[in-house]
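In: 3D, please:
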Amino acid sequence: MSIQTRKRAGALLTFMLCGVQLFAAPPRLAVSVSPRYTFQPGTAQVTVVIERNADNRWLVLEADGPDYYLSSFRQIEGASAPRVQRIALKALPPGVYAIGVTLTRADGSRERAVTTIEVMESAAGYFAASRTSRK
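Out: All right, here's what the predicted structure looks like:
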């Protein structure tokens, strides 16, 4: 095998390996929160993207923080359910929260996705402390 043939084979192999990464299937369940950082009282929009599947049955959202816990259940209508679910979180006290969603299918199998949000002390206190520290 010539050097040129080896280089071509190596380039093809590299392309194929990168292609596997580039064209991997998207996750069946994804969660994001906006904004990721906010001041109290914390308000955020949770966006859940679910792959359409006839076996999808339940969606559970959980917000778990240091002194606060919230959970919400939604029934999913299988493949006819909206692909994107949006849930508003309001009046969260300060802290770091794990925002988790669990999708339950008809056979009882589950899939989970997690992200975080940080709610900081009030903006008025933050800016007042900034002004006093400059003097």
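
In: okay, CA-based contacts and neighbour counts for the rest of this
Out: Noted.

In: which residues in the protein form strands?
Out: Along the chain, counting by DSSP state E, strands occupy 29-34, 37-39, 42-50, 56-64, 69-75, 84-92, 95-105, 110-120.

In: buried sites along the last one?
Out: It refers to strand 110-120. Arg112, Ala113, Val114, Thr115, Thr116, Ile117, Glu118, Val119, Met120 (16 or more other C-alpha atoms under 10 Å).

In: Please apply the same query to the second one.
Out: Using 16+ other C-alpha under 10 Å as the test for burial, strand 37-39 gives Tyr37, Thr38, Phe39.

In: Could you measure from the first one over to Arg105?
Out: Spelled out, it's Tyr37. 32 Å (C-alpha to C-alpha, to the nearest Å).

In: next one: the second one
Out: Here Thr38 is placed at a distance of 33 Å from Arg105 (C-alpha to C-alpha).

In: Count the neighbours of the nearest residue to Ala44 once chain neighbours are set aside for me.
Out: If the residues on either side of it in the chain are set aside, Ala44 comes closest to Leu89, at 5.2 Å by C-alpha to C-alpha, 6 or more residues apart in numbering. Using other C-alpha atoms under 10 Å, Leu89 is surrounded by 14 other residues.

In: and Leu89, what does it touch?
Out: By C-alpha atoms under 8 Å, 6 or more residues apart in numbering, Leu89 lies in contact with Gly42, Thr43, Ala44, Gln45, Val46.

In: For ChimeraX, write the select line for the buried members of the residues you listed.
Out: In ChimeraX syntax, the buried subset of the contacts of Leu89 is picked out as below (16+ other C-alpha under 10 Å):
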select :42,43,44,46
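
In: Any chance of JSON lines for the buried residues of strand 37-39, columns distance to Trp58 and pLDDT?
Out: Shown next, in JSON lines, are the buried residues of strand 37-39 (distance: C-alpha to C-alpha, whole Å; pLDDT from 0 to 100):
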{"residue": "Tyr37", "distance to Trp58": "28", "pLDDT": "92"}
{"residue": "Thr38", "distance to Trp58": "29", "pLDDT": "91"}
{"residue": "Phe39", "distance to Trp58": "31", "pLDDT": "91"}
